[in-house]
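below: sequence and its predicted model.
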Amino acid sequence: MNCVRFIFLLSYFWLSSLACDQSDPLVVELPQGKLRGRDNVNYYSYESIPYAEPPTGDLRFEAPEPYKQKWSDTFDATKPPVACLQWDQFIVLDNKLTGKEDCLTVSVYKPKNSSRSSFPVVAHIHGGAFMFGGADQNGHDDVMQEGKFILVKISYRLGPLGFASTGDRDLPGNYGLKDQRLALQWIKKNIACFGGEPENILLIGHSAGGASVHLQMLREDFGQLAKAAISFSGNALDPWVVQQGSRGRAFELGRILGCGMAADSATLKKCLKSKTANEIVTAVRNFLVFSYVPFAPFSPVVEPADAPGAFLTQDPRDVIKSGKFGQVPWAVTYVTEDGGYNAALLLREWHGTGRTFLDELNDRWLDWAPYLLFYRDSKKTIKEMDDYSRAIRQEYVGNERFSRKNYLALQRLFTDIVFKNSTQEALDLHRKHGKNPVYAYAYDNPADRGIAHFLAMSFDSTFGTIHGDDYFLIFGNLVRNPLLRSDEKRISKNFINMLADFAVSKQGILKFGDCTFEDNVGSEKFNLLFINRDGCENKQYVQFP
């Protein structure tokens, strides 16, 4: 029996290698047919490959269906991925609509490295608060220059098209997460044809991408799709990720679009399908209290257990406590001033009045704080919400008014509540209920220019180490200075090597430069690797610093 099984496996892999033969490295043959990529000097690219049927028409607000079409001609894989339709915070015009509804693709980037016949794989989920962003927003030139792994970027539905939910089986939501999962299944099945190693897939993401990675990992069978995962500055427990109140927002979306007071979810869904995608996404502006606040009005939800193909049916905390999640090595991270992403926006001018949003916040704190900090729908009464708002303000600024003088205290408030506290909670739960290594790092090395400078429209302010200052050293982003300092070049190389080594490590060991991360599973104190411009150091804490 063992001999027969061995011969079968040999035959299977031999046939697979024939199906994926690449005499011409630009031409790849998939079950759908042949595709042709592009030679980019240092690497090959195969972009905008569909993994799902277009989520349009009757397939809008439905779980994605695997791509079924066959290509009679060679598919042109030289066109960069288009962003999924979105209301983009980073468009400075009043009309922030961009992207297309037909957007469910993966893009593969393969380094030219004659010393390797195959490569480990890093699958990448982009960030953007589940509302905006795209596979093409972060550059990959530095990664390809190192030549260590194949990179696959995933596109997924965003905003109301990806996350509108009435909380029942008719409109359960989480379509964007279901897109990501189908894309991971596509990668597992097809990446060998590009020279990738399907047994060595690492899933990573930043911000909403990091939270998505964590949510994917909470699926019990995640280990069949990837062997390890890293969530950079975002995880499933962040207050802006799995939110309450989605049903009210879904019906309000329908009211805004002329569906009236729909009697039930099925009626609402039918009406929403009759509207144009542009109308649906443009309606996002009606959910913003000011500027782009709250930054995630549509996001993942807990679905009812009877929803067809439900992705998440329990609070993430309960999933972790049950131990029924993807038991693979995982790292979760934060930077020391992640909240600069939220706070910097308040330094902008308030509607040409000469005052800033920060000035206005003094008079509107009770109204705005629940939206800024994502507890508007989790408090039972207005009094409970107001009491909490007052307590937070007292804790961080005391009786002072918000001003530029105490701006860093406000930024710390956002860092703690929106990012850091939930990172500690996630790490704590995983160290108690996980079986595989769980790692964490804190990064403190400010970029000369980053996302907070862009949002504040102030390029001479000092914000500290803000959201993305680490991640954008791996994948370049237009919001930060593209010219890296010497210390940033060294750190960038260490990060890229960290990903490559983690993807192939049989023991799930994670290293950065000369430092080896210490596992948190079973540890009484938190093991944090601190990374700054001078190097790295393992430290232990009872509470995150």
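Thanks, I have it. Residues are numbered from 1 along each chain as shown.

what about the spatially most central residue of the chain? Give its phi and psi, please.
In the chain, the residue lying closest to the centroid (CA atoms, centre = their mean) is residue 209, at 0.7 Å. Residue 209 adopts backbone torsions of phi -70, psi -40, taken as degrees, to the nearest 10.

again, but for residue 393
phi -60, psi -40.

which ones are touching it?
365, 369 (CB atoms under 8 Å, 6 or more residues apart in numbering). To be clear about C-beta, it is placed using only N, CA and C from the backbone, and glycine gets the same treatment.

so that it lines up with my notes, have the first residue be 38 from now on.
Happy to do that; since the first residue is 38 now, the last one works out to residue 430.

so where do the helices sit in the stretch 188-337 of the chain?
196-200, 212-227, 245-254, 283-293, 302-311, 314-319 (DSSP state H, counting those that start in this stretch).

winner for burial among these?
Highest mean neighbour count among those (mean count of other CB atoms under 10 Å): helix 245-254, with a mean of 29.

now stretch 472-489: buried residues?
473-484, 486-489 (16 or more other CB atoms under 10 Å).

coming back round to it: ok, which of the helices of the stretch 188-337 of the chain comes nearest residue 170?
Residue 170 sits nearest to helix 245-254 of all these, at 7.4 Å, using CB to CB.

so how far is that closest one from its chain's centroid?
The chain centroid and the centroid of helix 245-254 are separated by 6 Å under CA atoms, centre = their mean, to the nearest Å.

who does that helix touch, helix- and strand-wise?
Contacts defined by 3 or more CB pairs under 8 Å, 6 or more residues apart in numbering; DSSP states H and E place helix 245-254 against strand 156-162, helix 212-227, strand 233-243, strand 265-269, strand 367-372.

what's the distance between residue 547 and residue 261?
Relative to residue 261, residue 547 is positioned 21 Å away (CB to CB, to the nearest Å).

tell me which of the two has more neighbours.
Neighbour count, other CB atoms under 10 Å: between residue 547 and residue 261, residue 547 has more, with 24 against 12.

and the residue nearest to the centre of the chain, what does it touch?
161, 162, 163, 164, 165, 269, 271.

does the fourth one sit in a helix or strand, and which one?
Here residue 164 sits in a region with no helix or strand, counting by DSSP states H and E.

buried stuff in stretch 575-582?
Going by 16+ other CB under 10 Å, stretch 575-582 has these buried residues: residue 581.

which outside residues touch that stretch?
371, 457-458, 460-461, 479, 552, 554-555, 560, 562-567.

for that stretch, measure first residue to last.
Stretch 575-582 has an end-to-end distance of 13 Å (criterion: CA to CA, to the nearest Å).

again with stretch 142-162
12 Å.

what comes up buried for it?
142-148, 150, 156-162.

nearest to residue 528, of those?
Looking across those and measuring by CB to CB, the closest to residue 528 is residue 159, at 17.6 Å.

picking up where we left off before, let's have the helices of the stretch 188-337 of the chain in CSV, adding mean pLDDT.
What follows is these, written out as CSV (pLDDT from 0 to 100):
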stretch, mean pLDDT
helix 196-200, 98
helix 212-227, 98
helix 245-254, 98
helix 283-293, 97
helix 302-311, 97
helix 314-319, 98
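
would you convert the ones you listed into JSON lines that also reports distance to residue 418?
Shown next, in JSON lines, are the helices of the stretch 188-337 of the chain (distance: least, CB to CB, whole Å):
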{"stretch": "helix 196-200", "distance to residue 418": "27"}
{"stretch": "helix 212-227", "distance to residue 418": "31"}
{"stretch": "helix 245-254", "distance to residue 418": "28"}
{"stretch": "helix 283-293", "distance to residue 418": "16"}
{"stretch": "helix 302-311", "distance to residue 418": "27"}
{"stretch": "helix 314-319", "distance to residue 418": "32"}
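
what's the closest of these to residue 347?
helix 212-227 (9.2 Å).

got the angle between that closest one and strand 156-162?
170 degrees (axes from the mean of the first three to the mean of the last three CA atoms, to 10 degrees).

okay, residue 45: pLDDT?
If you check residue 45, the pLDDT there is 40.

one more: the one 10 residues further on?
The model reports residue 55 with a pLDDT of 44.

same check on residue 42?
39.

burial check on residue 541, number of neighbours?
16.

which residues does residue 572 contact?
Taking CB under 8 Å, 6+ apart as the definition, contacts of residue 572 comprise 550, 551, 552.

ditto for residue 286
Per CB under 8 Å, 6+ apart, neighbours of residue 286: 201, 324, 334, 335.

contacts only, for the third one.
Read it as residue 334. Each residue near residue 334 by CB under 8 Å, 6+ apart is listed here: 168, 286, 321, 324, 325.

where's it relative to residue 352, distance?
Distance from residue 334 to residue 352, by CB to CB: 20 Å.

do the second one as well
When CB to CB is the yardstick, residue 324 and residue 352 sit 23 Å from each other.

so between the two, which is more surrounded?
The neighbour comparison of residue 324 against residue 352 (other CB under 10 Å) goes to residue 324, with 20 against 13.

contacts only, for the more buried one.
286, 289, 331, 334, 335.

let's see that with 10 Å instead.
124, 168, 196-197, 286, 289-290, 293, 330-331, 333-335, 408 (CB atoms under 10 Å, 6 or more residues apart in numbering).

which single one of those is nearest to residue 451?
residue 330 (11.6 Å).

burial count for that closest one?
17.

what residues are bridge-paired with it?
residue 327 (DSSP bridges).

number of residues surrounding residue 105?
9.

my guess is it contacts residue 96, does it?
No: look at residue 105 against residue 96 with CB atoms under 10 Å: they stay out of range, at 11.8 Å.

distance between stretch 342-353 and the chain's centre?
So, by CA atoms, centre = their mean, the centroid of stretch 342-353 is 20 Å from its chain's centroid.

gap between the residue nearest to the centre of the chain and residue 515?
For residue 246, the distance to residue 515 - CB to CB - is 17 Å.

what residues does the spatially closest residue to residue 529 that is not a sequence neighbour make contact with?
Of all residues not flanking residue 529 in the chain, residue 510 sits nearest, at 4.2 Å (CB to CB, 6 or more residues apart in numbering). Residues in contact with residue 510 (CB under 10 Å, 6+ apart) are 179, 480, 482, 484, 517, 521, 525-533.

where in the stretch 38-187 of the chain is pLDDT low?
38-59 (pLDDT under 70).

rerun that using 80 as the cut-off
Across the stretch 38-187 of the chain, the ranges flagged by pLDDT under 80 are 38-60.

ok, which stretches of it are helices?
39-56, 178-183.

now find how far off-centre the shortest one is within its chain.
It stands for helix 178-183. Counting by CA atoms, centre = their mean, helix 178-183 comes out at 21 Å from the chain centroid.

buried set for that helix?
Buried positions in helix 178-183, judged by neighbour count with 16+ other CB under 10 Å: 179, 180, 181, 183.

quick check, the first one in contact with residue 528.
No: at 11.4 Å, residue 179 does not count as touching residue 528 under the criterion of CB under 10 Å.

anything in contact with each of those two?
510, 511, 521.

can you list these in TSV and add pLDDT and secondary structure?
TSV is the format used below for the shared contacts of residue 179 and residue 528 (pLDDT from 0 to 100; DSSP: H, G, I helix; E, B strand; the rest coil):
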residue	pLDDT	secondary structure
510	96	helix
511	96	coil
521	93	coil
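
which among the residues you listed gets closest to residue 466?
Nearest member of the shared contacts of residue 179 and residue 528 to residue 466, counting by CB to CB, is residue 511, at 26.6 Å.
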